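In: Whatever this is, show me its structure:
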Amino acid sequence: MSSLFPPVACRHVEVDGVRVFFRESRPAQADAPVLLLLHGFPSGSHQFLRLIDALGSRYRVIAPDLPGFGHTEVPEGFLYSFDSLSGIIEGFVQHLGLSRFAMYVFDFGAPVGFRIAERHQEWIAGLVVQNGNAYEEGLSEAARGLLTLDPEDSAAVQTLQDLLTLNGTRSQYETGVADPGMIAPDGWTLDQHFLELPGRKDAQLALLFDYHTNIASYGRWQEWLRRYAPPTLIVWGRNDPFFIEPGARAYLRDLPGAELHLFDTGHFALETHVAEIAQLIDGFLDRSWS
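Out: Down below sits the predicted model:
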């Protein structure tokens, strides 16, 4: 794994009226393996900056901002759902001409990524799953409570709006971390900046209220994993307050050959263990890419 920082391009491409912002490393090897990074709530491609630095010299690492996040710009009237997000990212992949890649799925990135995998299994050379849930037992009681709220209930709306405050965003980074002082404030500060942009909190509420469609899809995704058995690396912050350790272990039922590594940290495992996770990904891609 190279210690040299790779050149990274930042640009937009337009997909169905959405200007998708993305970061892309430029490895020296023109045919380098491709790693697509799909971020989670309430973050963006910036959460992967250190991972891109660690892997981008050997791999073509591509990290888009999902619609409703980061620097991606959406037209007025865009309808936020996990189906619409996956459709835009599918179009993004096609726009870049990607025909095969390993896919890193984290948090919201998992339901986006699994929808794409269902439609294009030929694209998926491997999976890196980091606190990206696909099993009922991976939902904590807190997650079940938040992700099954009724949008017609004003108290439910307020509960989710509280999650979108600075304190709510910061807590997602710090909960479950042994020493929160080791986490730089830049991540949650930048996340909150984007959350405060016009329309962004409404977008997040729409996605949170749509999350029940992901839970309903777990069985299909599990069947897809069993059928296609992609090479899979699972790296998981075991103290995640939302997506708990049994959800990481559940993947092994459908993917008995998967690698599982648990870390003593929270939801944003890259904040505390990026060096270890980057090394695991590097070795995994070395072994599985062919």
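
In: In contact with the residue nearest to Gly247 when sequence neighbours are not counted: list those residues for me.
Out: In space, and not counting its chain neighbours, Gly247 is closest to Gly138: 1.7 Å by CB to CB, 6 or more residues apart in numbering. For glycine as for every other residue, the C-beta is placed from the backbone atoms N, C-alpha and C. Shown in contact with Gly138 (CB atoms under 8 Å, 6 or more residues apart in numbering): Phe243, Ile244, Pro246, Gly247, Ala248, Ala250.

In: for Val93, same thing?
Out: By CB under 8 Å, 6+ apart, the contact set of Val93 is Leu36, Phe101, Ile116, His120, Trp123.

In: Kindly recompute the last result at 7 Å.
Out: Contact partners of Val93, counting by CB atoms under 7 Å, 6 or more residues apart in numbering, are Trp123.

In: What are the boundaries of the helices in this protein?
Out: Remark: helices assigned in the chain by DSSP state H are 49-55, 82-96, 109-119, 141-147, 154-163, 166-174, 186-195, 200-210, 212-228, 245-254, 270-288.

In: which of the ones you listed is buried the deepest?
Out: Of all the helices of the chain, helix 109-119 carries the top mean neighbour count, a mean of 23, counting by mean count of other CB atoms under 10 Å.

In: got the contact list for the residue lying closest to Ser99 once chain neighbours are set aside?
Out: Distance criterion CB to CB, 6+ apart; nearest residue to Ser99, sequence neighbours excluded, is Trp123 at 6.6 Å. For Trp123, the contact set (CB under 7 Å, 6+ apart) comprises Val93, Ser99, Arg100, Phe101.

In: quick one: the first one and Ile116, what's the gap?
Out: To Ile116, Val93 is 7 Å away according to CB to CB, to the nearest Å.

In: and what of the last one?
Out: Distance of Phe101 to Ile116, given as CB to CB: 10 Å.

In: The third one now?
Out: Counting by CB to CB, the gap from Arg100 to Ile116 is 13 Å.

In: Give the residue spans of the chain that score low on pLDDT.
Out: By pLDDT under 70, the weakly predicted segments of the chain are 1-4.

In: buried ones in stretch 127-138?
Out: In terms of neighbour count (16 or more other CB atoms under 10 Å), stretch 127-138 has its buried residues at Leu127, Val128, Val129, Gln130, Asn131, Gly132, Asn133, Ala134, Tyr135, Gly138.

In: Looking at those residues, which is nearest Val18?
Out: Gly132 (22.5 Å; CB to CB).
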